[in-house]
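Visitor: A predicted structure for the sequence below; I have some questions about it.
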Amino acid sequence: MQSILRLKNCFFALAALFFLASCSTSSLNVFSQDSAPQFKLPPYRVEKLASGVELLFIEDRRLPAFSLTLLSRAGSRIDPSGQGGITLMMASLLEKGAGPYSATELADAYGQYGSDFDVDVDLDYSTFSVAGLSKDQNSLIDLFSKTVLEPHFSKVELDRLKAQAVAVVRRGYDNPSEFANLAFNASILAGHPYGASTYGSIREIQSLSPEKIKAHYKAYFTPENSILAVTGDYSPEAVEKIRKVFGAWK
């Protein structure tokens with residue numbers, strides 16, 4: 001639903017730009033270059049591992065904080081025909097059990113460090129992130145890598161998420177505003193991946209299986225299709241751990 005709202009907002013933004021373009025330059029001289037706010041990117045460095053994943057390092061020692069954000073160029077627009085919502089479901093399942101942890105154990109493990117695993121699925125990409133204190137960076141790297149690289153995709157957790165997704169879709173049908181946005185998006189982008197809902201239809205959601213989820217994960221969630229951003233106050237040992245773990249990603 002958020003993607004639909006963003007698309008609609010784009011149209012309003014374009015209309016606003018056309019309006020501003022029609023205004024005289026004299027009426028806009030208050031926004032001169034001299035008074036425009038200046039923005040400068042912080043220093044960063046990029047490194048590509050043998051596995052294909054790209055690392056982006058942004059060091060900031062002003063606070064004892066550390067974060068990892070993995071961006072995968074796999075958004076809901078890659079959902080195969082008849083499997084709408086599979087990318088969102090795959091991404092949501094990552095934190096529902098991975099490595100030696102069950103879903104509850106994984107949530108508790110993140111909670112011990114005052115952190116959690118965040119997921120955001122957009123049309124063109126998906127992001128997965130974790131943040132915490134610098135003193136816990138090695139433990140967070142271990143948890144994060146197991147979460148994204150060793151998911152269980154259990155049927156029990158999948159069935160639970162499918163029930164939640166179906167409830168969300170049904171609520172959307174009962175909400176006039178959401179339903180209008182959905183119809184608007186489907187109408188102007190009919191036949192295009194951008195015209196489909198990130199959640200998929202109820203029938204598509206119910207047809208998803210662990211086997212389909214695993215196949216989708218292996219096909220699109222790959223190292224050469226990913227960028228890992230490492231930010232904050234991190235140590236050389238943490239950098240080596242990241243290189244070792246994600247360099248072995250197959």
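Guide: Yep, that arrived.
Visitor: Can you tell me the element the residue most central in space within the chain falls in?
Guide: Computing the C-alpha centroid of the chain and ranking residues by Cα atoms, centre = their mean puts residue 127 first, at 2.4 Å. Under DSSP states H and E, the secondary-structure element containing residue 127 is strand 126-133.
Visitor: what mean pLDDT does that strand have?
Guide: Mean pLDDT, strand 126-133: 98.
Visitor: ok, residue 209 - contacts?
Guide: Neighbour list for residue 209: 155, 158 [criterion: Cβ atoms under 8 Å, 6 or more residues apart in numbering]. (Glycine included, C-beta is placed from N, CA and C.)
Visitor: separation between it and residue 217?
Guide: When Cβ to Cβ, to the nearest Å is the yardstick, residue 209 and residue 217 sit 13 Å from each other.
Visitor: Quick check: what element follows the helix or strand residue 109 falls within along the chain?
Guide: When elements are assigned from DSSP H and E, residue 109 belongs to helix 103-111. The helix or strand immediately downstream of helix 103-111 is strand 118-121, counting by DSSP H and E.
Visitor: elements contacting that following strand?
Guide: With contacts defined as 3 or more Cβ pairs under 8 Å, 6 or more residues apart in numbering; DSSP states H and E, strand 118-121 has these neighbours: helix 86-93, strand 126-133.
Visitor: Give me the angle between the helix holding residue 109 and strand 126-133.
Guide: Between helix 103-111 and strand 126-133, the angle formed by their directions is 50 degrees, by axes from the mean of the first three to the mean of the last three Cα atoms, to 10 degrees.
Visitor: Could I have the CA atoms of helix 103-111 written out in PDB?
Guide: Taking Å, rounded to 0.1, in the frame of the first residue of the first chain, the C-alpha atoms of helix 103-111 are listed here in PDB:
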ATOM      1  CA  ALA A 103      11.900 -17.300  15.500                       C
ATOM      2  CA  THR A 104      11.500 -16.600  19.300                       C
ATOM      3  CA  GLU A 105      15.200 -17.300  20.000                       C
ATOM      4  CA  LEU A 106      16.300 -15.000  17.200                       C
ATOM      5  CA  ALA A 107      14.100 -12.100  18.500                       C
ATOM      6  CA  ASP A 108      15.400 -12.700  22.000                       C
ATOM      7  CA  ALA A 109      19.000 -12.800  20.800                       C
ATOM      8  CA  TYR A 110      18.600  -9.400  19.100                       C
ATOM      9  CA  GLY A 111      16.800  -8.100  22.200                       C
END
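Visitor: What mean pLDDT does it get?
Guide: With pLDDT averaged residue by residue, helix 103-111 scores 97.
Visitor: One more: stretch 169-184?
Guide: 75.
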